[in-house]
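Student: Any chance you could fold what I've pasted below:
(one chain, ligands or ions: 1)
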Amino acid sequence: MTQPIVAPGLEGIIAGSTRLSRVNGLAGELIIAGYPLEAIAANATFEETAYLLWNDRLPNAAELAELQASLASLRALPRATLDLLRAVAAEKVAPMDALRMAAGTLSLGGIEGAENEAAALVARFPTVVAAYWRLLNRSEPVEPDPALGHAANYLYMLNGQIPSPAQARGVETYLNTVVDHGFNASTFTARVIISTASDLVSAITGAVGALKGPLHGGAPGPALDMVFEIGSADRAEGYLRAKLERGERLMGFGHRVYKVRDPRAAVLSAAAEKMFQADGDRQLYDLARAVEEQAVALLAEYKPGRNLQTNVEFYTALLLHGLGLETALFTPTFAIGRVAGWTAHCLEQKAEGRLIRPGSDYHGGLGRLWVAVDERGN
Ligand code: ACO
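Tutor: Here you go, the predicted structure:
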């Protein structure tokens, strides 16, 4: 009998197939439904990307207009979701926890059928995050504006001001860049849940919980803090070396799949450079480049052979900071992009209809004899 393979973390295991995205970690290449990430990030509206994932083709002009109108009509939150957010804000809960709690309420409001639930979840995630952020900061939520696209409307609901085209494009590029990424932890979580013939809202709520962790979507905040703490390029080496000497991880570096620079880092770095250039203040961007260079060199020194390179989170931090978002909003904004990918994976998994249920390697005791409770001693 051949020995079963035990792969903690499922490393190297192909757990299913998908038409949604292909991640080539050795070439540093990401394909989204047939298109190179670079083409999607630079050109697509977020609505076009969502349509592509759901339908496996780009929409024509009429189909796109219809999707834009339909998503815009679904943005408003059920009354109970808003009531919940108010109560949660009073306890000053972190935005990702508020999003996780609110996600579970999004089945309210008469949305039925997996496709409609997918659209409602994508349409409402920005409303939840923006409304919660304002409540947390003691201001009233801003009603969504149906005349604005998905990305621009998110910034509008956050700030109460219509963003400039450059700001709207910046956030749209970000949302497109993180929309899907193979069987990452949160997507796999969603697929496991939907594979039990559970519903989409349950699957997406679980995915939010998985994305929250600092080993997955929670890294950009700490990555930016690190750049700020370093403060000037000449301090980078000493600071990073001390961190590595203490056995700490450098946030924004390393990836389970990519062994070269994450292609999303390149796309976001270019978008951040454009934005900082337009603002006439390249200082933070230049500092981040210097920190990146030093971090990659030191990781090669301290972890030889591990090929630890810049991941998506490093430049996420810079781009979103440049857009005026505070660090607590970074991971929720990631979720606003990724929810389109999660829903597409759920629809794909649902169509496949196969329960995900891996085996496990038992390493506990054997042959133990049952002892009655009053005979067990201490
Ligand atoms: N800084 C320092 N050392 C690191 C880092 C890092 N960022 N990443 C990995 N290592 C080290 C590990 O300590 C380990 O060293 P060891 O063999 O001496 O024990 C070795 O490299 C291999 O690490 P693993 O944990 O096996 O790598 P894994 O594939 O599990 O980790 C992960 C991937 C979790 C992303 C890791 O690189 C990490 O913690 N990075 C920092 C957090 C981060 O940026 N997360 C965002 C990831 S992108 C995303 O999910 C959207």
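Student: the helices in the stretch 1-150 of the chain, which residues?
Tutor: Defined through DSSP state H, counting those that start in this stretch, the helices belonging to the stretch 1-150 of the chain, from first to last, are 37-43, 46-55, 61-73, 79-90, 95-103, 114-136, 150-159.
Student: now these in CSV, with mean pLDDT, mean neighbour count and distance to Val23?
Tutor: Heads up, the C-betas are built off the backbone N, CA and C, glycines and all. As requested, the helices of the stretch 1-150 of the chain are arranged in CSV below (pLDDT from 0 to 100; neighbours: other C-beta atoms under 10 Å; distance: least, C-beta to C-beta, whole Å):
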stretch, mean pLDDT, mean neighbour count, distance to Val23
helix 37-43, 95, 19, 10
helix 46-55, 98, 23, 15
helix 61-73, 97, 15, 26
helix 79-90, 97, 16, 33
helix 95-103, 98, 23, 24
helix 114-136, 96, 23, 22
helix 150-159, 98, 24, 24
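Student: out of those, which comes closest to Val291?
Tutor: Across those, Val291 has its closest neighbour in helix 37-43 (23.0 Å, C-beta to C-beta).
Student: helices and strands around the closest one, which ones?
Tutor: The elements that helix 37-43 packs onto, with contact taken as 3 or more C-beta pairs under 8 Å, 6 or more residues apart in numbering; DSSP states H and E, are strand 29-32, helix 165-177, helix 263-278.
Student: if we go to 10 Å?
Tutor: strand 29-32, strand 35-36, helix 46-55, helix 165-177, helix 263-278 (3 or more C-beta pairs under 10 Å, 6 or more residues apart in numbering; DSSP states H and E).
Student: Would you single out the least confident of those?
Tutor: When the helices and strands packed on helix 37-43 are compared by mean pLDDT, helix 263-278 comes last with a mean of 89.
Student: Please see if that one touches the ligand.
Tutor: No - Helix 263-278 lies apart from the ligand when judged by C-beta under 6 Å from any ligand atom; the minimum separation is 8.3 Å.
Student: follow-up on the earlier one: reformat the helices of the stretch 1-150 of the chain as CSV; add distance to Glu352.
Tutor: Listed next are those as CSV, based on distance: least, C-beta to C-beta, whole Å:
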stretch, distance to Glu352
helix 37-43, 24
helix 46-55, 16
helix 61-73, 24
helix 79-90, 31
helix 95-103, 23
helix 114-136, 13
helix 150-159, 28
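Student: now for these, which one comes closest to Gly365?
Tutor: Between Gly365 and those, the tightest spacing by C-beta to C-beta is seen for helix 95-103, at 36.9 Å.
Student: Dihedrals phi and psi, the residue of the chain found nearest the ligand?
Tutor: The shortest separation between the chain and the ligand is 2.2 Å, found at Gly254 (distances taken as C-beta to the nearest ligand atom). Comment: the main-chain dihedrals of Gly254 come out as phi 90, psi 150, following degrees, to the nearest 10.
Student: And the one 3 residues further on, by the same measure?
Tutor: Its backbone dihedrals place Val257 at phi -100, psi -50, with angles given as degrees, to the nearest 10.
Student: Quick check: closest non-adjacent residue to it.
Tutor: Setting aside the residues directly before and after it, Val257 is nearest to Gly25 in space (C-beta to C-beta, 6 or more residues apart in numbering), at 3.8 Å.
Student: neighbours of Gln167, just the number please.
Tutor: The tally of other residues near Gln167 (other C-beta atoms under 10 Å) stands at 20.
Student: same check, this time on the one 5 residues further on
Tutor: When neighbours are counted by other C-beta under 10 Å, Glu172 registers 25.
Student: so what's it up against?
Tutor: By C-beta atoms under 10 Å, 6 or more residues apart in numbering, the contact list for Glu172 reads 41, 44-49, 149-152, 154-155, 271, 337.
Student: Ok, Ala335 next?
Tutor: Taking C-beta under 10 Å, 6+ apart as the definition of contact, the neighbours of Ala335 are 95-96, 99-100, 103, 125-126, 128-129, 178, 186, 204, 207-208, 211-212, 217, 342.
Student: looking at this, it is in a helix?
Tutor: Yes - residue state for Ala335 (DSSP: H, G, I helix; E, B strand; the rest coil) corresponds to a helix.
Student: where's it relative to Pro263, distance?
Tutor: Using C-beta to C-beta, to the nearest Å, we find Ala335 at a distance of 21 Å from Pro263.
Student: Kindly report the same for Arg338.
Tutor: 16 Å.
Student: Break the chain down into its domains, please.
Tutor: With automatic domain parsing as the criterion, the domains of the chain are listed as 33-218+326-352, 220-322.
Student: could you dump those to JSON lines with distance to Ala7?
Tutor: Supplementary listing: the domains of the chain in JSON lines, determined by distance: least, C-beta to C-beta, whole Å:
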{"stretch": "domain 33-218+326-352", "distance to Ala7": "13"}
{"stretch": "domain 220-322", "distance to Ala7": "12"}
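Student: Which of these sits closest to Gly367?
Tutor: With C-beta to C-beta as the criterion, Gly367 lies closest to domain 33-218+326-352 of those, at 32.8 Å.
Student: ok, Ile336 touching Ala130?
Tutor: Yes - with contact defined as C-beta atoms under 10 Å, Ile336 and Ala130 form a contacting pair (9.4 Å).
Student: wait, what's in contact with His321?
Tutor: With contacts defined as C-beta under 10 Å, 6+ apart, the neighbours of His321 are 220-221, 224, 227-228, 272, 275-276, 284, 288, 327, 329-330.
Student: out of these, which is most surrounded?
Tutor: Within those, most neighbours by other C-beta under 10 Å means Pro220, with 29 neighbours.
Student: and of the helices of the stretch 1-150 of the chain, who's closest to Val6?
Tutor: Each of those has some distance to Val6 by C-beta to C-beta; the shortest is helix 95-103, at 31.1 Å.
Student: That closest one and the ligand in contact?
Tutor: No - using C-beta under 6 Å from any ligand atom, helix 95-103 stays clear of the ligand, with a minimum separation of 13.8 Å.
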